[in-house]
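Asker: Turn this into a model:
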Amino acid sequence: MMASNHAQALTEFRRAEEMMPRVPESILIRAYAAKISSGNADALRVMSEFEAVSSQRGVSPFHAAITYEFLERREDALQWLETGYRERHPDMVFVGPIRCSPG
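Answerer: This is a model prediction of the structure:
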């Protein structure tokens with residue numbers, strides 16, 4: 001039952017995206033939904049779309065980092081955090097203490 005709700009939510013979100021311009025944050029939300037409903041492979045396909053859009057439009061490095069962390073792509077998440085820090089992006093105030101896990 002739960003998986004079908006996630007799949008239905010993803011379908012509805014895609015429909016909503018068709019009615020508005022593609023903004024990087026909406027693609028990140030779709031990546032979350034894709035991981036929950038069908039796994040990392042689908043979510044990473046969505047993230048490739050995000051990468052293409054993010055090179056053309058402004059994007060929150062913080063939002064990108066938490067999405068990559070959710071997808072278990074720690075190196076990508078750290079790169080986005082470093083970008084946000086270097087650019088002094090205002091969303092970086094939401095970054096709390098970072099704990100490194102061994103290995």
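Asker: Could you use CA atoms for every contact and neighbour count after this?
Answerer: OK.
Asker: Which secondary structure elements does the longest helix along the chain sit against?
Answerer: Secondary structure of the chain per DSSP state H: the longest helix is helix 2-18. Identification of packing neighbours for helix 2-18 by 3 or more Cα pairs under 8 Å, 6 or more residues apart in numbering; DSSP states H and E yields helix 24-38.
Asker: Next, the residues that contact the helix it packs on from outside, please.
Answerer: 3-4, 6-7, 9-10, 13-14, 17, 40-44, 46-47, 49-50, 53-54, 57-60, 63-64, 67, 70-71 (Cα atoms under 8 Å, 6 or more residues apart in numbering).
Asker: neighbours of residue 53, just the number please.
Answerer: Per other Cα atoms under 10 Å, the neighbour tally for residue 53 reads 16.
Asker: For it, which residues are in contact?
Answerer: 23, 24.
Asker: Give me the neighbour count for the residue nearest to residue 60 when sequence neighbours are not counted.
Answerer: In space, and not counting its chain neighbours, residue 60 is closest to residue 91: 6.7 Å by Cα to Cα, 6 or more residues apart in numbering. Look at residue 91: counted by other Cα under 10 Å, it has 13 neighbours.
Asker: One more: residue 32?
Answerer: 22.
Asker: now it: how far from residue 85?
Answerer: For residue 32, the distance to residue 85 equals 24 Å [Cα to Cα, to the nearest Å].
Asker: returning to what we had before: name the SS class of the residue nearest to residue 60, please.
Answerer: helix (DSSP: H, G, I helix; E, B strand; the rest coil).
Asker: Help me confirm that it comes into contact with residue 59.
Answerer: No: in this structure residue 91 lies outside contact range of residue 59 using Cα atoms under 8 Å: 10.2 Å.
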